[in-house]
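Q: Pasting the sequence and the predicted model now:
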Amino acid sequence: MADFVGAVDQGTTSTRFMIFDHSGKEIGKHQLEHEQILPQAGWVEHNPVEIWERTSSVIRTAMGKQGLNASDLAACGITNQRETAVVWDKKTGRPYYNAIVWQDTRTDRIASALDRDGRGDVIRQKAGIPPATYFSAGKVQWILENVDGVRAAAERGDAIFGNTDSWLLWNLTGGVNGGVHVTDVTNASRTMLMNLETLDWDDELLGFFDIPRSMLPEIKSSSEPAGYGEALSGGPLGGAVPLTGDLGDQQAAMVGQVCFAPGEAKNTYGTGNFLLLNTGTELVRSDSGLLSTVCYRFGDEAPVYALEGSIAVTGSAVQWLRDQLGIISGAAQSEALARQVEDSGGVYFVPAFSGLFAPYWRSDARGAIVGLSRYNTNAHLARATLEAICYQSRDVADAMEKDSGVHLDVLKVDGGVTANSLCMQIQADVLGVPVSRPVVAETTALGAAYAAGLAVGFWKNTDELRENWNEDQRWEPNWSEEQRETGHAKWKKAVERTLDWVDVD
């Protein structure tokens, strides 16, 4: 039997391919960034062709560096940035428009119109999510309405849609030569088009956005024994490898963090932050601004659901310090700069660049830095940026406890920002609970590998996966309760200053 499982991790800023052994240990990887296209304020796009080319390159390079070929892989999984919408021509393989990224806010008028006439309540009930610029359906509607020829192509069945998982699976399985048009339940649950109870596309929801059903991929399980198709021998994997795992990135992190029991939670620190709580086979609906979503579905087992708090801007706020302000040369320098001061000097930074996501859902918000005096330095701003990551997670954790009654005993964390030890210490201080990082911090790719490997018997069951999880580092809270609550109260005042900045019709 093959010794390894591969995983494509197609993220917001980069794509990587990782290879894992049976113990869940990383034995090889390669990663490449792709361009962030910002045509105007609030618009965020990616080039789907570039993403496919980068995906092909990282697979070939990672396999080549380890001297592996297709026969060494038992299976391959995919995890991806969710809600980023691609519409392409199935006859030519060419996208009709750039991918519209989950951070993009151009569809704010579509979202607010849905809420004004009551359709928003139907979306909340059926799809478990509010009408918001975040999700895919509004982006597809925008492309159909604003890109010449796409509506006609969709009506005749040539224009098809998917999140980036569907785009990559279609290309990996042959593209114009028989490519498979599929997605999984976790990605489908991020569109505003899937009914959470039936796990199928909903005709009433499709009607709200005037999206032809023929554009949509077939919905499969996250771990699919029958597979989504085989990677072609002429493709980047170099041979016929079963493609058997597909999960949106945050659900993949839940699997990678082995959060298989109701009440278990994790927080992923990437471009944004995503805190998920496993609610088991029970679909829990939120009254506190959280999302009800599919956590995963393995084979023909019952789906497992989650509550999710999605935060738009966390790691990308550090990127903003580097790229737009130029006060750091790299993400790692943010920790060294922030350590130059004991606290933020009264500065609060609310990075509402794309409005505010959970638990506020305010597309009219925009970023604000408040509390400045002449005393403050770039070190205080760096520290305030790290605190912003942690306070936004506190807001979501509070909402999650209110909805579910579950108080976190420990927060499992993963993602790139967890390399910043100061940020993780601040997170423990702000939350008042220990923060635990596993040995394999890049759990999104690991979760996709687990889903793929479970489908082909590389791993027998989830108990085997639990045995692979090991803690790397733990941060204990140091702040007093008074310090914690005073800081959070000032943060809430800062959030208020960001609201009602943009007029939304």
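A: That came through, no problem.

Q: tell me the contacts of the spatially closest residue to residue 176 that is not a sequence neighbour?
A: In this structure, residue 176 finds its nearest non-sequential neighbour in residue 93, 4.7 Å apart by Cβ to Cβ, 6 or more residues apart in numbering. Every residue, glycine included, has its C-beta placed from N, CA and C. Residue 93 makes contact with 171, 175, 176, 179, according to Cβ atoms under 8 Å, 6 or more residues apart in numbering.

Q: helix/strand/coil for residue 374?
A: At residue 374 the chain is in coil, as set by DSSP: H, G, I helix; E, B strand; the rest coil.

Q: which strands and helices sit next to the one helix or strand residue 29 maps to?
A: Assessed by DSSP states H and E, residue 29 sits inside strand 26-33. If contacts are counted by 3 or more Cβ pairs under 8 Å, 6 or more residues apart in numbering; DSSP states H and E, strand 26-33 sits against strand 14-20, helix 48-65.

Q: Which pLDDT value does the model give residue 60?
A: Here the pLDDT value assigned to residue 60 is 95.

Q: my bad, should have said residue 233
A: Reading off the confidence values, residue 233 has pLDDT 67.

Q: now residue 246
A: The per-residue pLDDT reported for residue 246 equals 97.

Q: what's the angle between the helix or strand hosting it and helix 48-65?
A: Under the criterion of DSSP H and E, residue 246 resides in strand 241-248. Strand 241-248 runs at 130 degrees relative to helix 48-65, counting by axes from the mean of the first three to the mean of the last three Cα atoms, to 10 degrees.

Q: what's the offset of strand 241-248 from the middle of its chain?
A: Computed by Cα atoms, centre = their mean, to the nearest Å, the chain-centroid distance of strand 241-248 equals 17 Å.

Q: after that strand comes which helix or strand?
A: Next along from strand 241-248, by DSSP H and E: helix 249-256.

Q: sec struct for the residue nearest to residue 176, please.
A: coil.

Q: can you check residue 329 too?
A: Per three-state DSSP, residue 329 ends up coil.

Q: Stretch 163-179: end-to-end distance?
A: This stretch, stretch 163-179, spans 15 Å end to end (Cα to Cα, to the nearest Å).

Q: circling back to that earlier point, output the strand holding residue 246 as CSV, nothing but the C-alphas.
A: C-alpha atoms of strand 241-248 as CSV (Å, rounded to 0.1, in the frame of the first residue of the first chain):
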residue,chain,number,x,y,z
VAL,A,241,-4.3,9.3,-7.8
PRO,A,242,-7.8,9.0,-6.2
LEU,A,243,-9.2,12.4,-5.2
THR,A,244,-11.3,11.5,-2.2
GLY,A,245,-11.3,14.4,0.3
ASP,A,246,-12.7,17.9,-0.2
LEU,A,247,-13.4,20.4,2.6
GLY,A,248,-13.6,24.2,3.0
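
Q: hang on, the earlier thing: top of the contacts of residue 93 by neighbour count?
A: Compared across the contacts of residue 93, residue 171 has the highest neighbour count, 24 neighbours, by other Cβ atoms under 10 Å.

Q: where's it relative to residue 110, distance?
A: Going from residue 171 to residue 110 by Cβ to Cβ, to the nearest Å gives 29 Å.

Q: for residue 480, same thing?
A: Plainly put, residue 480 is 46 Å away from residue 110 if you go by Cβ to Cβ.

Q: Who has more neighbours out of those two?
A: Applying other Cβ under 10 Å to residue 480 and residue 110 shows that residue 110 carries more neighbours, namely 19 against 11.

Q: got the buried residues for the helix ranked longest in the chain?
A: Longest helix of the chain, by residue count under DSSP state H: helix 378-404. Residues of helix 378-404 classed as buried under the neighbour-count rule (16 or more other Cβ atoms under 10 Å) are 378-397, 399-400, 403-404.

Q: That'll do, ta.
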